[in-house]
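**Q** sequence unknown, structure follows:
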């Protein structure tokens, strides 16, 4: 499998393999960080440091950590949450509204955005609010099922099924 | 649980979110290897999250280069650390070298001192040996002189035999009448007791008239025991007596050690 080979090369400190992996995941990882810190420049900076960390910790990845993307996702979430909890971040009094990530999508569209990308934004905006909530909590913030259930005031058993149905909606929308 | 049920349970969505334990992750991994359907389901879920997160991305204006640079910077920092360590090594080496040098200098200094003292000892021994040679030369000269004196054709040799007081004693007188000198070889006399001294007498026999020729002073310390005396008398015999220190006017004949008559020639 191509991904497994790339990861194996990367773990042998092959910078070219690492560059490919970076191109596969970096933009997405930066998006996750941006959802947490709500500051594009800061998100970009943290994102760079996350990939430096990924390179330095390459030995520590194995399949018990899940998907390679999931492993990077974990490192990124932890780095971003550490930043949000830091004194310097709190001093800047970031306006972390209770809004979920759809708020980010309200920014003006860029000329460079592709037609697909524009479509995707529309589609995300069309997702039900309760789907946006649960996807943000589980994927972007990494809350456990129990914590997410408390946050959303729903039974813990519902978290798993609601999440599945919301991801299915997202996938269906992408097919259109 | 069959594949459809497994997929419908929602566990794969949690797997992609990273919310499962390591054990559960490995279980999912195993099932994905067995079933291509599960594998493609996982990839589809991951794909949807990738697409979603991309919509909120601030973009990568600096791309991979900035990451590469930061990795290189990390490496450079490590290199600097190594350099620092190198400096420390040379610092230690420098001290070790100067310590060795100091020990070396001290060792050479002590060696030098030792050699100097050895040279001094050798010089002293040398001086002693030179003195011995000089002494030997002087002694040899004296002996030769003595031998020449004794061999002189004018000399008369008188044997003085041991007397009642000391029968084993003997002495010899070498008398050069023309030069009015007599040499007494007192080798055969015992060492005089403290406070006493041997006195040499020239004798005329009829009537018996002793004339003192002198004392054998410093008898014990004299090496060859040959004493030179002046004799102006027409001696007929020579005798040696033991007298109190300083000598006597007339000989104490009871302490006559040796006596010998001059043969008529």
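**A** Happy to help now that I have it. Fair warning: this is a prediction, and the values are worked out from it, not measured in the lab.

**Q** following the strand or helix carrying residue A:49, which helix or strand shows up next?
**A** Taking DSSP states H and E as the definition, residue A:49 sits inside helix A:40-56. Downstream of helix A:40-56, the next assigned helix or strand under DSSP H and E is helix A:68-85.

**Q** and the angle for that next one with helix A:40-56?
**A** 130 degrees (axes from the mean of the first three to the mean of the last three C-alpha atoms, to 10 degrees).

**Q** Quick check: next helix or strand after helix A:68-85?
**A** Counting by DSSP H and E, what follows helix A:68-85 is helix A:87-91.

**Q** Other residues contacting that next one?
**A** Contact with helix A:87-91 is made by A:37, A:83, as judged by C-beta atoms under 8 Å, 6 or more residues apart in numbering or on different chains. Bear in mind the C-beta positions are built from the backbone N, C-alpha and C, glycine included.

**Q** Can you give me the buried ones in it?
**A** residue A:89 (16 or more other C-beta atoms under 10 Å in any protein chain shown).

**Q** and if you look at stretch B:16-35?
**A** Quick answer for stretch B:16-35 (16+ other C-beta under 10 Å): B:16, B:17, B:18, B:19, B:20, B:25, B:26, B:28, B:29, B:31, B:32.

**Q** In CSV: the residues you listed, plus distance to chain A and pLDDT.
**A** Shown next, in CSV, are the buried residues of stretch B:16-35 (distance: C-beta to the nearest C-beta, whole Å; pLDDT from 0 to 100):
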residue, distance to chain A, pLDDT
B:16, 6, 94
B:17, 5, 93
B:18, 4, 93
B:19, 6, 92
B:20, 7, 92
B:25, 5, 93
B:26, 5, 93
B:28, 8, 94
B:29, 5, 92
B:31, 13, 93
B:32, 10, 92
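
**Q** Contact residues of the stretch 51-200 of chain B facing chain A?
**A** Residues of the stretch 51-200 of chain B that fall close to chain A, judged by C-beta under 8 Å from any C-beta of the partner chain: B:51-62, B:64, B:66-68, B:70-71, B:74.

**Q** Let me see the domain layout of chain A.
**A** A:2-91, A:113-175 (automatic domain parsing).

**Q** pLDDT (mean, whole number) over the shortest one?
**A** Per-residue pLDDT over domain A:113-175 has a mean of 84.

**Q** Quick one: distance of it to the chain centre.
**A** On the basis of C-alpha atoms, centre = their mean, to the nearest Å, domain A:113-175 sits 12 Å off its chain's mean C-alpha point.

**Q** Next: stretch B:97-105.
**A** Taking mean C-alpha positions (C-alpha atoms, centre = their mean), stretch B:97-105 and its chain are 22 Å apart.

**Q** residues in contact with it?
**A** Contacts for stretch B:97-105 (C-beta under 8 Å, 6+ apart): none.

**Q** Tabulate the buried residues of stretch B:16-35 (JSON lines), appending secondary structure and distance to residue A:166.
**A** As requested, the buried residues of stretch B:16-35 are exported to JSON lines (DSSP: H, G, I helix; E, B strand; the rest coil; distance: C-beta to C-beta, whole Å):
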{"residue": "B:16", "secondary structure": "helix", "distance to residue A:166": "13"}
{"residue": "B:17", "secondary structure": "helix", "distance to residue A:166": "12"}
{"residue": "B:18", "secondary structure": "coil", "distance to residue A:166": "17"}
{"residue": "B:19", "secondary structure": "coil", "distance to residue A:166": "15"}
{"residue": "B:20", "secondary structure": "coil", "distance to residue A:166": "18"}
{"residue": "B:25", "secondary structure": "helix", "distance to residue A:166": "22"}
{"residue": "B:26", "secondary structure": "helix", "distance to residue A:166": "26"}
{"residue": "B:28", "secondary structure": "helix", "distance to residue A:166": "20"}
{"residue": "B:29", "secondary structure": "helix", "distance to residue A:166": "24"}
{"residue": "B:31", "secondary structure": "helix", "distance to residue A:166": "23"}
{"residue": "B:32", "secondary structure": "helix", "distance to residue A:166": "22"}
